[in-house]
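Trainee: any chance you can model this:
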Amino acid sequence: MSIPRLPIAYHVFKRPLAYHRTLQLQDKIVELRLNAKKEDPTSELARRDVVLLLEHRPTFTTGRRDSLPTSLARIDLEKDRLAHAGADWAVTRRGGQVTYHGPGQVVGYLFFDLSGLNLSTRCYVDRVQKTLSSFVDSSLDLSATPNGNKGNKVYAPHPDGHVGIFPTYQTKISSIGIQIRRYLTSHGFALNITPTPLPWFNLITACGLPSISAVSLSSFPPPPALPSAQTEPYSTLPSPSERTFDAVTRRLIPLLGEKFGGGEVVELMGVGEGGKEELGGGEVGRLVRELEDESAREEKDAGGSLWREEPRGDKRLGEGVVEEGRIS
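Mentor: Model (predicted):
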């Protein structure tokens, strides 16, 4: 007998988080769900998929493709160079190469059970990509762009086969990197919203693509307005002033619910334990609250922001490790 799936539980973090702490959080959530699936597959923890939406403090991350022995010396030098810019550095087990995460970008960590979704790894990546492309397509007007696409549609994937969301042949707005353990996913996607991340991206060859530059939703005009009857709640960002983290997450949540949860989503803190916010979300909710409380204490102790709005300017930032004529 098949076990019915539950609505996706989502949570939006209130402030930018340290990347290394979210790595620990992801590992703990996956471990909790793996144990729950083994001990009681009918439990809520085993059955409830989770979406966490957040911003990071400025961080450069690298994935499995940059952990090969031939890459380690180059990556060590890059770490020192980029740390001088004012960003953290993290080595992850997701797929992909060096990229950037920071304020002005929405990061989505997706904890899905692919066996419940009946998806292979390739089909899962394809669905994430199509979900993001439909959101970006409806959020931008590419018709006036010199290198715009036929039909005013983004490339997803890129014509050369690169995974991600590309408004034009030479620009990228969203990256995807995943990890899967025994059918349970972690990591997910990053979508640039404001211009804030772009100077940081200029310090690297993001995802190993030297001919492609980073852009954000704010780099393009919004699409022409449509009658409300022709739109979905998530489908448009009517004006540049609404291209904010809060506005984008509000529109992404129902879209993710539609594409991965049968249309249903619930706030994480409202599930389990009688719906009491201080107790809700079960073990996952407890971990999320601990991280939010820790981040708030760090910010209070620091007397304000814990990160730089822009990278530190210095000639050293132009002295990266050059490989095949580019900083990698």
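
Trainee: show me what contacts Ile212?
Mentor: Shown in contact with Ile212 (Cβ atoms under 8 Å, 6 or more residues apart in numbering): His158, His162, Phe166, Gln170, Thr171, Lys172, Ala206. Quick note: C-beta positions are derived from backbone N, CA and C, even for glycine.

Trainee: how does it look with 10 Å?
Mentor: Going by Cβ atoms under 10 Å, 6 or more residues apart in numbering, Ile212 touches His158, Asp160, His162, Gly164, Phe166, Thr168, Tyr169, Gln170, Thr171, Lys172, Thr205, Ala206.

Trainee: tell me the one of those nearest Ala87?
Mentor: The closest of the contacts of Ile212 to Ala87 turns out to be Ala206 (Cβ to Cβ; 13.3 Å).

Trainee: the residue nearest to that closest one when sequence neighbours are not counted and Ile176: what is the separation?
Mentor: Spatial nearest neighbour of Ala206, excluding adjacent residues (Cβ to Cβ, 6 or more residues apart in numbering): Thr99 at 5.1 Å. According to Cβ to Cβ, to the nearest Å, Thr99 stands 10 Å off from Ile176.

Trainee: where do the contact lists of those two overlap?
Mentor: Contact criterion Cβ under 10 Å, 6+ apart; residues shared by Thr99 and Ile176: Gly164, Ala190, Cys207.

Trainee: most surrounded residue in these?
Mentor: Per-residue neighbour counts (other Cβ atoms under 10 Å) across the shared contacts of Thr99 and Ile176 peak at Gly164, which has 26 neighbours.

Trainee: these two touch, right, that one and Ala156?
Mentor: Yes. Between Gly164 and Ala156 there is a contact at 7.2 Å, judged by Cβ atoms under 10 Å.

Trainee: which neighbours do those two share?
Mentor: Each of Gln129, Leu132, Ser133, Ile173, Ser174, Ile176 lies in contact with both Gly164 and Ala156 under the rule Cβ under 10 Å, 6+ apart.

Trainee: show only the entries of those residues found in helices.
Mentor: Residues of the shared contacts of Gly164 and Ala156 located in helices (DSSP state H): Gln129, Leu132, Ser133.

Trainee: between those residues, which sits nearest Lys300?
Mentor: Leu132 (34.5 Å).

Trainee: which residues does Gly164 contact?
Mentor: Gly164 makes contact with 96, 99, 129, 132-133, 154-158, 172-177, 189-190, 206-207, 209, 212, according to Cβ under 10 Å, 6+ apart.

Trainee: can you map out the strands along the stretch 1-150 of the chain?
Mentor: Under the criterion DSSP state E, counting those that start in this stretch, strands of the stretch 1-150 of the chain are mapped to 8-12, 50-54, 59-62, 88-91, 99-101, 105-111.

Trainee: tabulate those strands (TSV), appending distance to Glu309, mean pLDDT and mean neighbour count.
Mentor: Formatted as TSV, the strands of the stretch 1-150 of the chain follow (distance: least, Cβ to Cβ, whole Å; pLDDT from 0 to 100; neighbours: other Cβ atoms under 10 Å):
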stretch	distance to Glu309	mean pLDDT	mean neighbour count
strand 8-12	22	97	23
strand 50-54	18	98	23
strand 59-62	14	88	23
strand 88-91	15	86	18
strand 99-101	14	92	25
strand 105-111	13	98	22
